[in-house]
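Chemist: coordinates for the following, if possible.
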Amino acid sequence: MDCEFTPNISMMIDGALSPEEAVLLEDHIGACAECSTVLEEFQNLRVQIKSLIPERDRLAERRALARIISPGAAPIWTRRLSIPFPLLVAVAAAFIAVFGWSLSVWRQRQLLSPAGHVTRISPDHAAVTGLDLSRFDHDKAPIIVKVQLDRSGSRVDGGVK
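Modeler: Model (predicted):
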């Protein structure tokens, strides 16, 4: 490479020369065998480089982009749960309040029921066992009175009428 124009050939191919310089270099390449050989080598090299660039796979690009964009791709059991602290405190306070209320309701029922549980008796069952369901107080609320009967069917302990 003894010609002084040889370094400018690459710049001419890239379009980095001014139009006047490019015309002068093209005229020189037509007269100089060494520069025309270098130009031909650069053009062949460019063709080889373009043939090495793989064609874009549009489907693969779409899949990769969908994987990047969609955060829901991971299974639910592998995701982390992030709860703000004030929300966590509010949920815990609500849980404690509901638990305390249900405990107090349960305790009131325990205190009202002497046997520790409430028994519901149908009127048919009450007639067989000797319960008197016919008495009411002044507010018309039913009163259930348990009467003990002996084997003969008479009242024991002078039960309430």
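
Chemist: from now on I want contacts and neighbour counts done on CA atoms only, so please keep to that.
Modeler: Will do.

Chemist: do you know how far residue 49 is from residue 43?
Modeler: For residue 49, the distance to residue 43 under the criterion C-alpha to C-alpha, to the nearest Å works out to 10 Å.

Chemist: of the two, who's got more company?
Modeler: residue 43 (14 against 10; other C-alpha atoms under 10 Å).

Chemist: tell me which element that one falls in.
Modeler: In this structure, residue 43 is located in helix 33-52 according to DSSP states H and E.

Chemist: and the next helix or strand after that helix, average pLDDT?
Modeler: For helix 33-52, the succeeding helix or strand toward the C-terminus, using DSSP H and E, is helix 58-69. Mean per-residue pLDDT for helix 58-69: 83.

Chemist: what does stretch 110-125 give?
Modeler: 55.

Chemist: what about the longest helix in the protein?
Modeler: The longest helix of the chain (DSSP state H) is helix 85-112.

Chemist: before we move on, the earlier item: next, the buried residues of the helix holding residue 43.
Modeler: By neighbour count on 16 or more other C-alpha atoms under 10 Å, the buried set for helix 33-52 is 35-36, 38-39.

Chemist: please save the CA atoms from that helix in CSV.
Modeler: Output of helix 33-52 as CSV, limited to C-alpha atoms (Å, rounded to 0.1, in the frame of the first residue of the first chain):
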residue,chain,number,x,y,z
ALA,A,33,-4.6,-0.6,-10.0
GLU,A,34,-3.7,-0.8,-6.3
CYS,A,35,-6.6,1.5,-5.1
SER,A,36,-9.1,-0.4,-7.4
THR,A,37,-7.9,-3.7,-5.8
VAL,A,38,-8.4,-2.2,-2.3
LEU,A,39,-11.8,-0.9,-3.3
GLU,A,40,-12.8,-4.4,-4.5
GLU,A,41,-11.5,-6.0,-1.3
PHE,A,42,-13.5,-3.6,0.9
GLN,A,43,-16.7,-4.2,-1.2
ASN,A,44,-16.2,-8.0,-0.9
LEU,A,45,-15.6,-7.7,2.9
ARG,A,46,-18.8,-5.7,3.2
VAL,A,47,-20.7,-8.4,1.4
GLN,A,48,-19.2,-11.1,3.6
ILE,A,49,-20.1,-9.1,6.8
LYS,A,50,-23.7,-8.6,5.7
SER,A,51,-24.0,-12.3,5.0
LEU,A,52,-22.9,-13.1,8.6
